[in-house]
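Q: Dropping the sequence and predicted coords here.
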Amino acid sequence: MEAMREHSVRRLVSLTGAGVSDPNDRPKLSDRAIVSLLKLLQRNILEDARGHTEAIRDSGLDWTIFRAPRLTDGPRTGEYRVGYVGPESGTRVSRADVAEFMLVAAVEGTHLHESPMVSS
């Protein structure tokens, strides 16, 4: 991020797991259970992801942090949901769909200073 500032690069698009919360989330019971399991079984990974998002949010850059649930190796479908963790979010999404969505958002400049979740 320091190098981006030094070279006047403003746009930063990143990806993290859906276990990192956002104030707009409305988690279901199953979402809360998954985060509890992450805290228990992979605390260091979850803490690292939270630190990563906090550093980006505090960077002063034009950031977007996309969050995704379990990534699959499925094909690009072009059919995915974008929003926040809650009743309408899914539990998986293909890497190809996430990549497409991130690329479009980066080029178009959408979801500035947001952390939406993309899921199938």
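A: Arrived safely.

Q: and residue 90, what does it touch?
A: Residue 90 makes contacts with 69, 81, 119, 120, as judged by C-beta atoms under 8 Å, 6 or more residues apart in numbering. Placement of C-beta: from N, CA and C, glycine included.

Q: Check what contacts the lowest-mean-pLDDT helix or strand in the chain and list those residues.
A: Using mean pLDDT, DSSP states H and E, the weakest-scoring helix or strand in the chain turns out to be helix 29-41, at a mean of 88. The contact list for helix 29-41 (C-beta under 8 Å, 6+ apart) reads 17, 18, 19, 21, 25, 27, 45, 46, 85, 86, 89, 91.

Q: Now intersect these with the strands, please.
A: Among the contacts of helix 29-41, DSSP state E puts residue 17 in strands.

Q: Just give me the neighbour total for the residue lying closest to residue 52 once chain neighbours are set aside.
A: Among residues not flanking residue 52 along the chain, residue 16 sits closest, at 6.1 Å (C-beta to C-beta, 6 or more residues apart in numbering). By other C-beta atoms under 10 Å, the residues close to residue 16 number 18.

Q: one step back: out of the contacts of residue 90, name the ones that lie in helices.
A: Residues of the contacts of residue 90 located in helices (DSSP state H): none.

Q: Run through the residues that contact residue 120.
A: Contact analysis of residue 120 by C-beta under 8 Å, 6+ apart lists 77, 79, 80, 81, 90, 92, 93, 94, 97.

Q: Can you flag the buried ones in those?
A: With neighbours counted by 16 or more other C-beta atoms under 10 Å, those contain buried members at 80, 93, 94, 97.

Q: Can I get those in TSV including pLDDT, distance to residue 56 and secondary structure?
A: Listed next are these as TSV, based on pLDDT from 0 to 100; distance: C-beta to C-beta, whole Å; DSSP: H, G, I helix; E, B strand; the rest coil:
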residue	pLDDT	distance to residue 56	secondary structure
80	93	22	coil
93	97	21	strand
94	97	24	strand
97	97	22	helix
